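J.: Got a sequence here, can you model it:
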Amino acid sequence: MLLSHHLLSAASVPSLLDAVRALPGKMPGSRFVFKRFFLSHPRQRDLFPKEPGAVAYIVQPPLQPGVAVAAWIVLATDAEVHGENDCSIVTDGALQWIWTSGVTAPGASSEVQTDGILARYEAFLAGRGLNLPENCVRTWFFCHDIDHLYAGLVKARRERFERLGLTAQTHYIASTGIQGDPPVQDAVVQMDALALQGPFSQRYLYAPTHLNPTHEYGVTFERGVRVEAGGSAYTLISGTASIDNKGAVLHVGDIAAQTRRMMENVDVLLSESGACDCDLQQILVYLRRSDDYALVDTLFAERYPHTPYLILHAPVCRPDWLIEMECIAQQPLR
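T.: Numbering: from 1, shown residues only. Reported below is the predicted structural model:
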C-alpha cells in the first residue's frame, strides 16, 4: 500500500472541489482516505456535499494571497478503503488504518467537551476491539480561542489519560493542539485521530538535546512517533515550535529566529526517527500573526523546496509562540 499526501488551495470551494475530484485520476488505483478542509469562514462548510468517510472541516484561514479555502488530502493505492460516518477504514492485508474526523461533544466548557470527545473515541475504538493507549498513534485537537480555552482541554485530556494509564512513566500520543474553530454550533473543541489495528510497531521520539518532555509544563503528548507498518516507516511529528530542552520559548517576538529554531527542532526529531527532510510528504504551518506570512513563506520555500506546505492562520498554545509546524515523513523499510 502507498499512502500519498496532497495539499491543495483555491480561491473558492467549487474550484477546490474540482481539484480534489481530479486527484484519483492522476494516481490509478488510488482511493480517498482522509480529507481535511481549511476554511476561511464557517459558512463555507455549507458549500460542501455530504459524503461518507473521514472528512473534517476546520476554520483555519489559509494565508496564501488569493486563497479562500485549502485541503489536506490522503490517498491510498493498492488497498481497500471503506468509508463510514466520519471514519475511513483502510485495509492492507492484516493491517487496518482507522482515520477518524471531526469528533465533537456537547458541554458548557472546553474541559467538558474534550472529556466527551475522548469518551466517544474510546467507545468507538472499543467497538472494534481496540483501545486508545495501544492503537491510537496520532491526534489533532482544534480549540476555539486557544489563549483562554486551551487550559480546559489540557486538563480534561491529562485526567482521562491518567485513568487510561497514559502517564509520564508510560507514554502519551503524538498530537497537535492548535487554534481552530469547529464549524459546528456550540462546539469549541474538535478532534481528528489516527489508529492502527494489526501488525505494527511504534517508537516515540524525544530529541532531548533540543526539546523537553511535555509533561514538564503540564501537557500530555509525545513530540513525535515512528510507526512501522505494512512495509513502510512513517514519522509523525507533533506540533513543534521554538522551544528549548528546558521548556522555554526561544526568540520571543522574532518570527524569523523562531521559524529557524522550530525547523532545527523538527530536523532533530526526524533524525532520531532515521528520516530526513527528503522523506517529508507534507508540512502544515500555523501562524499567530497573519502579517508574518510573506517572511515565513520565503523561509519555507528556501528550506523545503521539494515538500508541499500550507501556511494557516492559527494561534499556537502559548502567546509568545508565533509559529508552529507539524509534518509527516514516509520511507520504505529496509
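J.: part of a helix, is Asp297?
T.: Yes - residue state for Asp297 (DSSP: H, G, I helix; E, B strand; the rest coil) corresponds to a helix.
J.: what's the helix or strand for the residue lying closest to it once chain neighbours are set aside?
T.: The shortest distance from Asp297 to any non-neighbouring residue, by Cβ to Cβ, 6 or more residues apart in numbering, is to Ile311 (6.1 Å). Using the backbone N, CA and C atoms, a C-beta is placed for each residue, glycine as well. Ile311 is part of strand 309-313, with elements assigned from DSSP states H and E.
J.: Can you list the buried residues in that strand?
T.: Residues Tyr309, Leu310, Ile311, Leu312, His313 are the ones in strand 309-313 that count as buried (16 or more other Cβ atoms under 10 Å).
J.: What is the most widely separated pair among those residues?
T.: Tyr309 and His313 (14.6 Å; Cβ to Cβ).
J.: could you pull out the strands for the stretch 1-150 of the chain?
T.: When assigned using DSSP state E, counting those that start in this stretch, the strands of the stretch 1-150 of the chain occupy the ranges 2-10, 30-39, 54-59, 69-77, 80-84, 87-92, 95-103, 136-143.
J.: And those: which comes nearest Ala229?
T.: Taking Cβ to Cβ, strand 95-103 is the member of these nearest to Ala229, at 5.7 Å.
J.: all helices for the chain, in order.
T.: For the chain, the helices defined by DSSP state H cover 13-26, 110-126, 132-135, 146-163, 255-272, 293-303.
J.: Now the shortest one: buried residues?
T.: When you say that, I think you mean helix 132-135. Under the neighbour-count criterion of 16+ other Cβ under 10 Å, helix 132-135 has Leu132, Pro133, Asn135 buried.
J.: now these in CSV, with distance to Gly231 and pLDDT?
T.: Output for these, formatted as CSV (distance: Cβ to Cβ, whole Å; pLDDT from 0 to 100):
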residue, distance to Gly231, pLDDT
Leu132, 26, 98
Pro133, 25, 98
Asn135, 19, 98
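J.: Could you report the separation of the nearest residue to Pro62 once chain neighbours are set aside from Ser12?
T.: Excluding the flanking residues, the one nearest Pro62 by Cβ to Cβ, 6+ apart is Ala70, at 4.1 Å. Distance of Ala70 to Ser12, given as Cβ to Cβ, to the nearest Å: 12 Å.
J.: same deal with Asn131?
T.: Relative to Ser12, and taking Cβ to Cβ, Asn131 is found at 42 Å.
J.: any idea how far the residue nearest the centre of the chain lies from Ala301?
T.: The residue lying closest to the centre of the chain (Cα atoms, centre = their mean) is Trp140, at 4.6 Å. The gap separating Trp140 from Ala301 is 25 Å, by Cβ to Cβ.
J.: what do you get for Gln44?
T.: 27 Å.
J.: So between the two, which is more surrounded?
T.: Taking other Cβ atoms under 10 Å, Gln44 and Ala301 do not tie; Gln44 has more neighbours (19 against 10).
J.: quick one: the more buried one and Ala11 touch, right?
T.: No - contact between Gln44 and Ala11 fails when scored by Cβ atoms under 8 Å: they sit 12.0 Å apart.
J.: returning to that earlier point: could the helices of the chain be laid out in CSV, adding distance to Gln179?
T.: Formatted as CSV, the helices of the chain follow (distance: least, Cβ to Cβ, whole Å):
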stretch, distance to Gln179
helix 13-26, 22
helix 110-126, 12
helix 132-135, 24
helix 146-163, 4
helix 255-272, 17
helix 293-303, 16
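J.: Quick one, which of those helices gets closest to Gly224.
T.: Across those, Gly224 has its closest neighbour in helix 255-272 (4.7 Å, Cβ to Cβ).
J.: list the contacts for the residue nearest to Pro62?
T.: Leu7, Leu8, Ser9, Ala10, Leu16, Phe37, Phe38, Pro62, Gln64, Leu310, Leu312 (Cβ atoms under 8 Å, 6 or more residues apart in numbering).
J.: Kindly check the end-to-end length of stretch 210-226 for me.
T.: Taking Cα to Cα, to the nearest Å, the first and last residues of stretch 210-226 lie 18 Å apart.
J.: pLDDT on that stretch, on average?
T.: Per-residue pLDDT values across stretch 210-226 average out to 97.
J.: do stretch 109-121 as well
T.: pLDDT averaged over stretch 109-121 gives 98.
J.: Identify each buried residue in that stretch, please.
T.: Buried-residue list, stretch 109-121, by 16+ other Cβ under 10 Å: Ser110, Glu111, Val112, Gln113, Thr114, Asp115, Gly116, Ile117, Leu118, Tyr121.
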